[in-house]
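**Q** fold the following, please.
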Amino acid sequence: MAEPFRILDLGDRRVLETDGRQYPTRYSARVVRMLVERKGPRRAPLYFDFKETRGRHFLAPLIAYLRSQGRHGLRVLEVGCSFGHMTEFLADQPEIGALTTFDTDPAFVDLTRAKVEELELRTVREVRHLDQGATCRLPWPDGAFDLVVAVGVVEHLPARYRRQQVDEYYRVLPDGGLLTILDTPNRWFPLETHSVGLPLVQWLPPRLAYHYARLARLGRYRSVSFEAFVADGTGWRNASFADCLPSAGLAGVDDLTEQAGYGLQFFRATARSRTRRALLPLFGAAAAVLGAAGRPPSMALPYLNLLFRLDRKASG
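**A** The predicted model follows:
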């Protein structure tokens, strides 16, 4: 049975009413209804403020870095528009000259197109639907974009396509172009914090990981089949630092992560939980050891928030 809800139009705002509570939003009734259809009335309100919460949280350091470098009029490709909240945030930034985005989920594409139309996001040039096969050869020429943005994406890429898909993000950049990969859970961090929430589960073979999840998270996975657990798009396997690099590896990029305020700086600045704040010295020590060994400090962190500049001369 569908959960009851109603949408009130108060002129300057809409209100989603469900479970005796009211959630105001600037979005149209059409967009609210699309959110409800995708996530249900109880979860839909979580997305009302994502432009300013998640968007600003993850993208503000990038915009500040671009501004400090005098970069403007940038041609940007956003990988995975999802509900369009990052699209909205990027479209508002004066450094962005033209924004193109795509997703493999047609519902996300429809929702983002509705936002672009109703919010008059004139910077957005295209919101395209691509299937998994098409993302292995993106429909844009080499060097078509100055900046590629992928937020919460790489961990969801199917293992059999991941290398091709990530290489495509670099192919559509010119030499010196930028790729930022944000909010991506680190496969080599011992605790999987993104999906299943169990230690080491992302290191296990799929069948063993499935039984481990069902044993330790019975309430969540009781009715989940093995096929659903390992389906394309599930993010419990997470992503490694190497997954985020081009085929040439670190030789093909300049790592600007710490310089741009991401990596350990971002982790320190955004640590909110008491446990994470208490463990900051340990993370700092681990990052220092990696740095002394010539390895990226980001590899010690539970989530990867990275900025790379493509350097084809170094890789060649």
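
**Q** which residues sit against stretch 305-312?
**A** Stretch 305-312 is contacted from outside by 58, 62, 65, 170, 173-184, 241, 244-246, 252-257, 259-260, 262-263, 266-267, 298, using C-beta atoms under 8 Å, 6 or more residues apart in numbering. All C-beta spots, glycine's among them, are computed from the backbone N, C-alpha and C.

**Q** list the buried residues in it.
**A** Judged by neighbour count using 16 or more other C-beta atoms under 10 Å, the buried positions of stretch 305-312 are 305-312.

**Q** keep only those of those residues that are in helices.
**A** Arg312 (DSSP state H).

**Q** could you report the neighbour count for Gly40?
**A** 13 (other C-beta atoms under 10 Å).

**Q** chain neighbours aside, what residue packs nearest to it?
**A** Among residues not flanking Gly40 along the chain, Glu3 sits closest, at 6.1 Å (C-beta to C-beta, 6 or more residues apart in numbering).

**Q** just Leu173 next, same as before
**A** The shortest distance from Leu173 to any non-neighbouring residue, by C-beta to C-beta, 6+ apart, is to Leu310 (4.9 Å).

**Q** cool, Trp140 as well?
**A** Once flanking residues are discounted, Trp140 sits nearest to Val172: 5.2 Å by C-beta to C-beta, 6+ apart.

**Q** the one you found against Asp146, yeah?
**A** No. Using C-beta atoms under 8 Å, Val172 is not in contact with Asp146; the gap is 10.0 Å.

**Q** quick one, helices of the chain?
**A** Going by DSSP H, the chain shows helices at 29-39, 56-68, 85-91, 106-118, 162-171, 206-216, 218-221, 226-229, 264-270, 274-292, 312-315.

**Q** give me the pLDDT for Gly316.
**A** Gly316 is assigned a predicted lDDT (pLDDT) of 63.

**Q** then Glu3?
**A** 72.

**Q** number the chain from 52, please
**A** I'll keep to 52 as the first residue from here, and by that count the last item is Glu54.

**Q** got the contact list for the nearest residue to Pro192 once chain neighbours are set aside?
**A** Once flanking residues are discounted, Pro192 sits nearest to Val223: 7.5 Å by C-beta to C-beta, 6+ apart. Applying C-beta under 8 Å, 6+ apart to Val223 gives the contacts 128, 189, 191-196, 199.
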